[in-house]
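Asks: here you go, sequence then predicted model.
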Amino acid sequence: MSELVPAVAAANYQSLAASHQQCIACGDPQMNPLTLGLRFSTTPASSVVADCRITAAWQGYSGIMHGGVISTLLDAAMTHCLFHHGVKALTAELNVKFVRPVAVGLQLRVSAALVKQRRAVFWLNAELADSSAIYATAAAKFVTVAEI
Ligand SMILES: CCCCCCCC(=O)SCCNC(=O)CCNC(=O)[C@H](O)C(C)(C)COP(=O)(O)OP(=O)(O)OC[C@H]1O[C@@H](n2cnc3c(N)ncnc32)[C@H](O)[C@@H]1OP(=O)(O)O
């Protein structure tokens, strides 16, 4: 395994994070009223976290969060983790494990960490959890491309 790219300065992270203001996951509500409105912060361990309340707008079956939206949260966390390392990349593969149903109204935290990289390919893990349980986990591969 090659050494991981280091985390970048907060200003660089903010400029990458602000580069997609219409994003469905973390955009500006003025520019995309449908955005989930995630706001990530970086941690000293070079991962990222965002707190979110599961709203009724995110449900599939009555009262239960839609798995596609869960996947979006996890994917967004991993994308932001790459921003935190100064990397802009596309999701190439995303594997999600839905551990237990997520009830509307829960207050959860989504987090992600970079685990491995080789040339243009980056492996990351993510988790949706609260202090008492893990609700979903993900493992993904991202690939950098010249133009995003
Ligand atoms: C909150 C912010 C949210 C922002 C958005 C969140 C992230 C997203 O949703 S991105 C959108 C969804 N993803 C996409 O649209 C990606 C669509 N797919 C693609 O564009 C291409 O298949 C892409 C770029 C992933 C790979 O392109 P491809 O032409 O195969 O790349 P290529 O140049 O051949 O290979 C580059 C490297 O990637 C590797 N690679 C390509 N695909 C994969 C894969 N699935 N798994 C592992 N490695 C892969 C290759 O082996 C190669 O590795 P190396 O450099 O070590 O030899």
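Replies: Perfect, thanks for sending it. Numbers count the residues shown, from 1 in each chain.
Asks: could you give the bridge partners of residue 142?
Replies: For residue 142, the beta-bridge partners under DSSP bridges are residue 91, residue 122.
Asks: can you pull the contacts of it?
Replies: If a contact means CB atoms under 8 Å, 6 or more residues apart in numbering, then residue 142 has 78-79, 82, 87, 89-92, 121-122, 124 as its contacts. All C-beta spots, glycine's among them, are computed from the backbone N, C-alpha and C.
Asks: local confidence estimate at it?
Replies: Looking at residue 142, its pLDDT is 98.
Asks: return the distance of it relative to the ligand.
Replies: 7 Å (CB to the nearest ligand atom, to the nearest Å).
Asks: could you give the number of residues near the closest residue to residue 85 other than its chain neighbours?
Replies: Among residues not flanking residue 85 along the chain, residue 5 sits closest, at 4.7 Å (CB to CB, 6 or more residues apart in numbering). Residues near residue 5, counting by other CB atoms under 10 Å, number 15.
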